[in-house]
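Peer 1: Here's my sequence, what's the structure:
(chains A and B)
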Amino acid sequence: MLLWKLAFRNLFVHRLKTLVTGLIIVFGTTLAIVGNSVVDAISGGMQKSLTNSLTGDIQVYAADAKEKIAVLGGSDGNLPDIGYLPDFKKVKTALLEIPNIKAVIPMGISFAMLNPGNLLDLKLEELRASYKKTPRDDARLAALKEHVRMIVRDIERSQTENQDNLGGVFGGEKLFKDAGENIAKALDQSFWNDFDRHSDARLEFLANKMAPLIFDDNQLYLSYFGTVPELFEEAFPQFEVVKGTMIPEGGRGFLFSDFVYENQVKHRVARRLDQIKKQIDKEKLTLKSSKDLQDKVKANIAQAAEVYSQIEPPAAATLLPRLQQLLGSKSSKFPELVSEFLAMDDTNFPTRYTFFYDQIAPQLILYKVKVGDTFAITGFTKSGYSSSVNMKVYGTYRFRSFESSPLAGALNVMDMVSFRKLFGILTAERRSETESLDAEMGLGDVGRDDIEAMFGAATESTSETRVTSNLQSLTQGRFGQVDSERRDLDTKYSRSDMEDGVFMNASVVLKDPSRLDATLEEIRAKNDEKKLGLQAADWRDSAGIVGQLTVMVRGVLYLFVFVIFSVATFIIMNSMLMATLERRREIGTMRAIGAQRSFLLGLFLRETFVLSFVFGLVGTLIGVGIVLAVGARGIPAMGDVATFFFSGDRLYLQVNIMHIAIVSLCMTIVALVSTQYPAWRAMKISPLEAMQSSE
Amino acid sequence: MDNIQLSNVVKEYHLGKVTVPALKNVSLSIDRGEFTVIAGPSGSGKTTLLNLIGCVDVASSGDVVVGGSNTAQLTERELTDLRLHKIGFIFQSFNLIPVLNVYDNVEFPLLLMKDLSKEERRSRVMHFIEKVGLQDHMKHRPNELSGGQRQRVAIARALVTKPRIVLADEPTANLDSVTGQSIIDLMKEINRSEQTTFLFSTHDDNVIRQANRIIKLRDGVIVAES
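Peer 2: Residues are numbered from 1 along each chain as shown, chains lettered A, B, ... in the order given. Have a look, this model is predicted:
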């Protein structure tokens, strides 16, 4: 009791010092509690995002893989070379013998490119289709032709404006040397006078000589995984189709991740408007105050051409007065009106957003690839060849409750058969076919000119399919051989076609995810027993760099807390040491009067204990308070990076008893460590100090 | 029985390589109930002698026997215990514990003794506080008291454990002469009533005159005894 009284009073007498030390402790404990809670929430969010979606609980892949698996990409952003395994069925059968395993789904993850063609490509394709239609819709044809002429005029303008730059880079290429001459030809009235009679040749000319002059970045880079779609749907109950339909059972096809579809495939301007709307609605940002939103508006204005050049002249004519009315503008120049329209502020944003989707969007190519389209996708095989297949887009999918998670929405889906074709890990038969094709085409860079030569584009050949094949050549030809198996698209495959054979990795879904470690061991045992040639990694290890993020974030947090606690330890030690020096005579007196050394140790321990307990408790309470107050409402994710870390729109925090226990333990350690040296020094103080006669 | 017994006590201090003799071959015995003054100029060894008797320091050679124990043979822990139970200290600068009030300061050594009941402690503390006349200042902190009052608290603290010996190192040095006299009177009164042995150092002639035994020290040697 005496010791407690002394401890409290000593702290009280030196209240400024006590307060400073106390505040450091409060800061450290609050940070530790809140920080841990945030990291837990992020970690938990990521775990849920990943295990309920792409990675499953465990990933298995070839034991002789050259690199570690990284479903969402490794540290360098590339997909690692994880090799492949020859027989999925064998692996699946063996693994399903383990009781805790609910499902094993074959996967193969890769990158691919697709180029849906630029605006002119698409318009020419439409025009070509219109010529084939009976009865002919002359008004539609005229509108399309007018639009194409407008696009060519845009090309002419950009050619003149960028003459110098282009000359330097592309001056050597025949296409660009002849550009001026060809543009003049395409803009000449005579070119259009008899267009209908020579439509095929004219379209051919425009596709080959004009379209390549547009420097649009239409290339889409997609990460995807091959799987057996219906198996995947079954194993991940949160999987749902958003747009379109599911890939039919046994069929070949492609599903975009809805996240990718909305964020990469959608028209850039529309996408930005969506983001602005979302941030205004959900995060209560304003255009006036948010630099980020202002930048989006600026980008939209800068890319107004992507809106007005996509609108056919007749539609533009209809839109013009409506825009004039909306904007209260007298300008009769459509491009100007569009730019002005896109310069939005807080007051007009809601009306203009609605106007955009009601009036403008229907005239735009809102998605570069439409649901229901068939497109050619190009991937690189292991051996370095490129390989293309035609795929039908059946729709988009997402994982319910992870709609806004970039993690869960990172990968697009493809059927296993297409994946094997594209990835080039196929039968020997297919391989030899590929090789002969390559030999035929000549290896190395295949330039556009070569492709054109190959398809005889320079001569005015009139085969109806030419435009199509040339259009495809834009995407496929540049990278290698064309998938010649268009018919293959409609072929139905049996489950065993899908499951038998090569796969790269497989998602293992557990019945009881909390028994993950034990199940990993069982998989390893099964692997040894059945010689499956597998290795297994939990979701964290297999997700790649993303899975390690929480570990790193937690590491940084712990480092930070460690530093703060170290500082606190140091400061407490220092102030205790000062106290022993200041109180030499007092301590000496106590010793002279008959206090044992242990009494002094007790006194010092109590002082630090009171200090760390009281302020540690305050810090813990503040931390818990913050977690409860902020955590229940959720921290809104500001921007894409936060959405990525939070695995969603909001981060919900929870109080964890473990954290409080850890913080308490830390504080005890701080108290004990910081007292050692001062107490030792104090115990060395001789009772003779009491006899020093100065006051 | 002798209360304090010193025989051939030598105390040397080492300052670097130089050895400074503080006491040279001192022999001395003090009986129970004596009121003894150690007199001498500064540096004569008064404080050293008190320190040795008070068991806060040990002799370089010779025997110091306090209350029947030879201090040279005791451990640090046993010396501390001896100080607690058999010796009371009164310091020149009072040396009260600043964060404790009068009552708590007086009670402090009793709490160190651990084996006293609460009632026993209370009655002893009250007895000595009344004895030194501070019953109206029990809740005061040392910095709220005058020098004389502080020294009274120190006296009460020294006596509360009922020690055989009370050692006082120049107890009046920091006090004016009137207050000093009242402190001496108080100590004499307690010496009479409690039969406590008092041994104190001073160079104040007024104090020296009132002792019933005077030991004069000069350069570490007893030069006169009366």
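Peer 1: Once you drop chain neighbours, what's closest to residue A:220?
Peer 2: In space, and not counting its chain neighbours, residue A:220 is closest to residue A:114: 5.1 Å by C-beta to C-beta, 6 or more residues apart in numbering or on different chains. To be clear about C-beta, it is placed using only N, CA and C from the backbone, and glycine gets the same treatment.
Peer 1: I figured the one you found was touching residue A:374, is that so?
Peer 2: No - the criterion here is C-beta atoms under 8 Å, and residue A:114 misses it with residue A:374 at 11.1 Å.
Peer 1: how about the helices in chain B?
Peer 2: Applying DSSP state H to chain B gives helices spanning B:46-53, B:76-86, B:102-113, B:118-131, B:147-159, B:177-194, B:205-209.
Peer 1: quick one: which of these is nearest chain A?
Peer 2: Counting by C-beta to the nearest C-beta, chain A lies closest to helix B:76-86 out of the helices of chain B; the figure is 2.5 Å.
Peer 1: And the contacts of the closest one?
Peer 2: When contacts are defined by C-beta atoms under 8 Å, 6 or more residues apart in numbering or on different chains, helix B:76-86 is touched by residues A:591-597, A:687, B:54-56, B:66-67, B:69, B:71, B:74, B:89, B:109, B:112-113, B:161, B:163-165.
Peer 1: and if you look at stretch A:583-602?
Peer 2: Contact partners of stretch A:583-602, identified using C-beta under 8 Å, 6+ apart, comprise A:3, A:580, A:675, A:679, A:682-683, A:685-692, B:54, B:56, B:76-77, B:80-81, B:83-85, B:89, B:91, B:93, B:95, B:97-98, B:108-109, B:112-113, B:157, B:161.
Peer 1: Got a PyMOL select line for the buried ones in those?
Peer 2: Restricted to buried positions by 16 or more other C-beta atoms under 10 Å in any protein chain shown, the PyMOL selection for the contacts of stretch A:583-602 reads:
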select buried, (chain A and resi 3+580+675+679+682+683+685+687+689+690+691) or (chain B and resi 54+56+80+81+83+84+85+89+91+93+95+97+108+109+112+157+161)
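Peer 1: Tell me where the model's unsure across the stretch 351-500 of chain A.
Peer 2: A:381-384, A:424-490 (pLDDT under 70).
Peer 1: Please enumerate the helices of it.
Peer 2: All helices of the stretch 351-500 of chain A, identified by DSSP state H, counting those that start in this stretch, fall at A:416-423, A:428-441, A:448-455, A:466-472, A:495-499.
Peer 1: related to what we said a few turns ago, which ones among the contacts of helix B:76-86 lie within strands?
Peer 2: Within the contacts of helix B:76-86, residues falling in strands by DSSP state E are B:66, B:69, B:89, B:165.
Peer 1: picking up where we left off before, out of residue A:114 and residue A:374, which sits in the more crowded spot?
Peer 2: Higher neighbour count among residue A:114 and residue A:374: residue A:114, with 24 against 13, using other C-beta atoms under 10 Å in any protein chain shown.
Peer 1: Pull the contacting residues for that one.
Peer 2: Per C-beta under 8 Å, 6+ apart, neighbours of residue A:114: A:219, A:220, A:222, A:369, A:375, A:376, A:377, A:378, A:475.
Peer 1: Quick check: phi and psi on it?
Peer 2: With angles defined as degrees, to the nearest 10, residue A:114 sits at phi -140, psi 140.
Peer 1: List the beta-bridge partners for the residue sitting nearest the centre point of chain B.
Peer 2: With distances taken as C-alpha atoms, centre = their mean, residue B:167 lies nearest the centre of chain B, 1.5 Å away. Here residue B:167 sits in beta bridges with residue B:89, residue B:199, going by DSSP bridges.
Peer 1: what's the distance between it and residue A:422?
Peer 2: Look at residue B:167 and residue A:422: by C-beta to C-beta, to the nearest Å, they are 99 Å apart.
Peer 1: so which helix or strand takes in the closest residue to chain B within the stretch 401-550 of chain A?
Peer 2: Distances between the stretch 401-550 of chain A and chain B by C-beta to the nearest C-beta are smallest at residue A:550, namely 48.4 Å. Using DSSP states H and E, residue A:550 maps to helix A:545-582.
Peer 1: Report the secondary structure state of residue A:197.
Peer 2: Using DSSP: H, G, I helix; E, B strand; the rest coil, the secondary structure recorded for residue A:197 is coil.
Peer 1: Helix, strand, or coil at residue A:624?
Peer 2: helix.
Peer 1: correct me, but residue A:22 touches residue A:615?
Peer 2: Yes - counting by C-beta under 8 Å, residue A:22 touches residue A:615, with 3.8 Å between them.
Peer 1: Having no further points to raise, I will conclude here.
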